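Asks: take this sequence and fold it.
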Amino acid sequence: MAGTSLVTARERALAVLGGEPDDATLRRYLHGIPGVDAVGLEQRAAGLGTRSIKTTSKAWALDRIISLIDLTTLEGADTPGKVRSLVGKALNPDPGVPGTPRVAAVCVYGDLVPVAVDALGAAHGDPDDGAVAVAAVATAFPSGRSSLEIKLADTAEAVAAGADEIDMVIDRGAFLAGRYGLVFDQIAAVKEACRRADGTSASLKVILETGELVTYDNVRRASWLSILAGGDFIKTSTGKVQPAATLPVTLLMLEVVRDWHRLTGQRIGVKPAGGIRTSKDAIKYLVTVAETVGEEWLQPHLFRFGASSLLNDVLLQRQKAASGHYSGADYVTID
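Replies: From the prediction side, this is the model:
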């Protein structure tokens, strides 16, 4: 999937802000956004989480969840063999059931991008077309604590190796200190580093690490800031900090995306990541997306699940729906 152009993103930011994206202008804009009604937000999320769906809709939902997963391995002990195994599962999640959808992408560390690209072969491509993309974490993931030079090199190397998507982390310390202009400039610079020699760009997912942002107001401001700076997606978490994705936080981010679309006409993606392990939980997120921004967002270029264990539970649920009983623990692979 291609990212939005840097020039367009900056021009749009200037138009929305009414001035240069420096600390003063961004502070005035971001702090002018109405505060979040925490009780109301959590009540809305709880209400959406109790919605039930019909059996026929559940079968559709399970397949849709699979097609929206970024199948992830982000461990220090990752090996080329583990990544190849991950790719094998991404391409053929359930060998015993023909027609099982492929996942949207595999997400790995930047140095393992060439392994993932090679393992995917001809199946490497746009998930909206049924292929599997390669996403790479970058910018000193998960902490984001490095120089901008290193962050940009990290990004450019992954893109040059064949990454279709970059999952970057914002500088939470700078954000919490009110250095909004710095955070904006870093996101915009990473966006530029996503550009390829042929003029196309890797898609940019901006990780907020919502578990470190403390308040809903900060999550809302960080979401707006990330979109203003050119992010194609806003993502909840690295999966390394608790709490990671929660339904209220994801609902809040979806509301920002909805409001941005109403303001500019541009569609931005959302990726909850970390802690979504069961199909029951994932269905709550599908309902929340559909009710907040519309079912058109339930496609790979607008919504993803960042997950490692979710896929296995979905496969078990699909098997139960087909046969009427659960399979044993050895029905699905561990990787």
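Asks: in whichever strand or helix holds A322, what's buried?
Replies: Element membership for A322 (DSSP states H and E) is helix 310-323. Of all the residues in helix 310-323, those buried under the rule 16 or more other CB atoms under 10 Å are L310, L311, N312, D313, V314, L315, L316, Q317, R318, Q319. Placement of C-beta: from N, CA and C, glycine included.
Asks: give me the pLDDT for the fourth one.
Replies: Spelled out, that is D313. We have a pLDDT of 96 for D313.
Asks: show the contacting residues for it.
Replies: R277, T278, S279 (CB atoms under 8 Å, 6 or more residues apart in numbering).
Asks: who wins for neighbours among those residues?
Replies: Among the contacts of D313, S279 has the most neighbours (other CB atoms under 10 Å), with 23 neighbours.
Asks: just the pLDDT for that one.
Replies: 95.
Asks: now it: how far from V103?
Replies: Counting by CB to CB, to the nearest Å, the gap between S279 and V103 amounts to 14 Å.
Asks: do A24 as well
Replies: Applying CB to CB, the value for A24 to V103 is 43 Å.
Asks: ok, these two, which is more surrounded?
Replies: V103 (29 against 11).
Asks: surely that one is in contact with L71?
Replies: Yes. At 4.7 Å, V103 counts as touching L71 under the criterion of CB atoms under 8 Å.
Asks: overlap in contacts, the two.
Replies: With CB under 8 Å, 6+ apart as the test, V103 and L71 both reach A90, L311.
Asks: quick one: the strands in the stretch 201-335 of the chain?
Replies: Taking DSSP state E, counting those that start in this stretch to define them, one finds strands in the stretch 201-335 of the chain at 203-207, 233-235, 269-271, 305-307.
Asks: find the least confident helix or strand in the protein, judged by mean pLDDT.
Replies: When the helices and strands of the chain are scored by mean pLDDT, DSSP states H and E, helix 6-17 comes last with a mean of 78.
Asks: quick one, that helix and strand 203-207 angle?
Replies: 50 degrees (axes from the mean of the first three to the mean of the last three CA atoms, to 10 degrees).
Asks: not counting its own residues, what contacts stretch 49-57?
Replies: A61, L247, I283, K284, V287, T288, E291, A321.
Asks: could I get the buried residue list for that stretch?
Replies: Result for stretch 49-57 [16+ other CB under 10 Å]: buried residues G49.
Asks: V87 touches L120, doesn't it?
Replies: Yes. Under the criterion of CB under 8 Å, V87 makes contact with L120 at 5.7 Å.
Asks: more crowded one of these two?
Replies: Remark: of V87 and L120, V87 carries more neighbours, 25 against 22, as counted by other CB under 10 Å.
Asks: tell me who's in contact with the more buried one.
Replies: V87 neighbours (CB under 8 Å, 6+ apart): V106, A116, A119, L120, V132.
Asks: rewinding a little: what's downstream of the least confident helix or strand of the chain, the next helix or strand?
Replies: Once the chain leaves helix 6-17, the next helix or strand it forms, by DSSP H and E, is helix 23-30.
Asks: angle of that next one against helix 6-17?
Replies: 70 degrees.
Asks: then the helix holding A322 to PDB, C-alphas only?
Replies: Taking only C-alpha atoms (Å, rounded to 0.1, in the frame of the first residue of the first chain), the coordinates of helix 310-323 have been written out as PDB:
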ATOM      1  CA  LEU A 310      -4.800 -13.800  18.000                       C
ATOM      2  CA  LEU A 311      -4.600 -15.700  14.800                       C
ATOM      3  CA  ASN A 312      -4.600 -19.100  16.500                       C
ATOM      4  CA  ASP A 313      -7.700 -18.400  18.500                       C
ATOM      5  CA  VAL A 314      -9.500 -17.200  15.300                       C
ATOM      6  CA  LEU A 315      -8.500 -20.400  13.500                       C
ATOM      7  CA  LEU A 316      -9.900 -22.500  16.400                       C
ATOM      8  CA  GLN A 317     -13.100 -20.600  16.300                       C
ATOM      9  CA  ARG A 318     -13.400 -21.100  12.600                       C
ATOM     10  CA  GLN A 319     -12.900 -24.800  13.000                       C
ATOM     11  CA  LYS A 320     -15.600 -24.900  15.700                       C
ATOM     12  CA  ALA A 321     -18.000 -23.100  13.500                       C
ATOM     13  CA  ALA A 322     -17.400 -25.600  10.700                       C
ATOM     14  CA  SER A 323     -17.400 -28.800  12.700                       C
END
